[in-house]
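Engineer: Would you be able to build a 3D model of this:
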Amino acid sequence: MKTALITGANKSIGFETARQLLQKDYYVYLGSRDAQKGEQAVAQLNSEGLTQVEAITIDVDRPESIKAARQVLGLKTQVLDVLINNAGISGGFPQTAAEGDINTFRQVFETNFFGVIETTQAFLDLLRASSQPRIVNVTSGLSSLTLHNDPSWKYYAVKGAYYTTSKAALNAYTIVLAHELRDTAFRVNAVDPGYTATDFNHHNGTGTVADAASRVVKAALLDADGPTSQFFSDDNAPETGISPW
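Structural biologist: Next up, the predicted model:
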């Protein structure tokens, strides 16, 4: 049975991603920084008949929490097939480059960028033990530098200084990591779940959580011939599904 770890999975897109992977017979380690909320999420899935799941406490802002989670997971499995770096924050709005609070910049980068790097590095050995390891970095359509320089783009005016820059940095890390692992069985990709109605945007999004999670799951289930070092975004590129970086 294949295994997956999802950070920030106790609610919204992360939770629905866990549900969909469970439905595909994966064993899911549901990451949550709050242990109680993680257990509550597991109980909800169990009530739906999805039992191949357990909560793992992991706060990607805290290196000691990431290390502890790696130790816990190492006692449960010697192989991790999928790592989904889903945990993320916006930093609140409005966000301006000229007047944005530097501490908020640091906080958003800690979660959206540095937390992903530390989590990935911590679990890389378990992923290497898989025959077809997959790393999915959940990004945003708003992280495309190419599109942000195109006045005709529908989101051209939406330039959140904290969030956009942190996700653009995450995209760059995805490219570099995929390149380093290019001659292995790894597939490393960034996925834009779309403008989804969640607590993250006060439910102003137009997409559903189910559709958003399906995009993440699709990247997690890539076969041996699947692409790597891609920025998947049905929102930015409805015809090809591949967004410009």
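
Engineer: shaky segments in the chain?
Structural biologist: Within the chain, the stretches with pLDDT under 70 are 197-206.

Engineer: ranges for the helices of it?
Structural biologist: Secondary structure of the chain (DSSP state H): helices at 12-23, 35-47, 63-76, 102-109, 115-128, 145-148, 161-180, 209-220.

Engineer: And the longest one, how far out from the chain middle?
Structural biologist: Taking the mean of its C-alpha atoms, helix 161-180 sits 12 Å from the chain's own mean (C-alpha atoms, centre = their mean, to the nearest Å).

Engineer: so what does it touch, helix or strand wise?
Structural biologist: helix 102-109, helix 115-128, strand 134-138, strand 187-191 (3 or more C-beta pairs under 8 Å, 6 or more residues apart in numbering; DSSP states H and E). All C-beta spots, glycine's among them, are computed from the backbone N, C-alpha and C.

Engineer: of the ones you listed, which approaches Gly226 most closely?
Structural biologist: strand 187-191 (5.3 Å; C-beta to C-beta).

Engineer: got the angle for the closest one vs helix 115-128?
Structural biologist: With axes from the mean of the first three to the mean of the last three C-alpha atoms, to 10 degrees as the basis, strand 187-191 and helix 115-128 are set at 150 degrees to each other.

Engineer: Strand 187-191 pairs with which strands?
Structural biologist: Looking at strand 187-191 with DSSP bridges, its partner strands are strand 134-138 (parallel), strand 231-232 (parallel).

Engineer: starting at the chain centroid, how far to it?
Structural biologist: Chain-centre distance of strand 187-191: 9 Å, with C-alpha atoms, centre = their mean.

Engineer: CA atoms only for that strand, dumped as PDB, please.
Structural biologist: Taking C-alpha atoms only, strand 187-191 is exported to PDB below (Å, rounded to 0.1, in the frame of the first residue of the first chain):
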ATOM      1  CA  ARG A 187       8.500  13.700  -9.900                       C
ATOM      2  CA  VAL A 188       8.600  17.100  -8.300                       C
ATOM      3  CA  ASN A 189       5.900  19.600  -9.300                       C
ATOM      4  CA  ALA A 190       4.100  22.700  -8.200                       C
ATOM      5  CA  VAL A 191       0.300  22.700  -8.300                       C
END
